[in-house]
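# Next input, structure requested:
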Amino acid sequence: MIKPLYNNVLLKKIEASQTTKSGIIISQKEENEDYAEVVAVSGAKEVKVNDHVYEMPIKKGDKVMYKKYSGTEVKDGKEEYLLIKAEDILAIVK
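Residues are numbered from 1 along each chain as shown. Below you'll find the model as predicted:
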């Protein structure tokens, strides 16, 4: 298992859905937005963003949207993850 250090977060990308909630099949594949699920968070209690220090708002299991082209892709066995700085996460998706 990969354990992020400092202000890093380990994400697993969420695959784009091929059907709507009502069961309608989408004929064109949607472009996968930059959404992921948080797999692990470093032990840091705070994150520094633009010279301001905030309490770490992200926790394991959160669904998040992150900056495009940020982070490092890593593999653990057959699983693929994205290791990203906490400040590159833009929003928690409900």
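# Please report phi then psi for Glu87.
Note on Glu87: its backbone torsions stand at phi -70, psi -10 [degrees, to the nearest 10].
# distance of the residue nearest to it when sequence neighbours are not counted from Lys67?
Nearest residue to Glu87, sequence neighbours excluded (Cβ to Cβ, 6 or more residues apart in numbering): Val49, at 4.6 Å. For the C-beta atoms, the positions are set from N, CA and C on the backbone; glycine is no exception. Separation of Val49 from Lys67 (Cβ to Cβ, to the nearest Å): 12 Å.
# on that earlier part again, the residue nearest to Glu87 pairs with what?
His52 (DSSP bridges).
# That one: neighbour count?
12 (other Cβ atoms under 10 Å).
# do you know how far it is from Lys75?
For Val49, the distance to Lys75 - Cβ to Cβ - is 29 Å.
# now Glu55
Glu55 is 31 Å from Lys75, where distance means Cβ to Cβ.
# and if you look at Asp34?
For Asp34 relative to Lys75 (Cβ to Cβ), the value is 19 Å.
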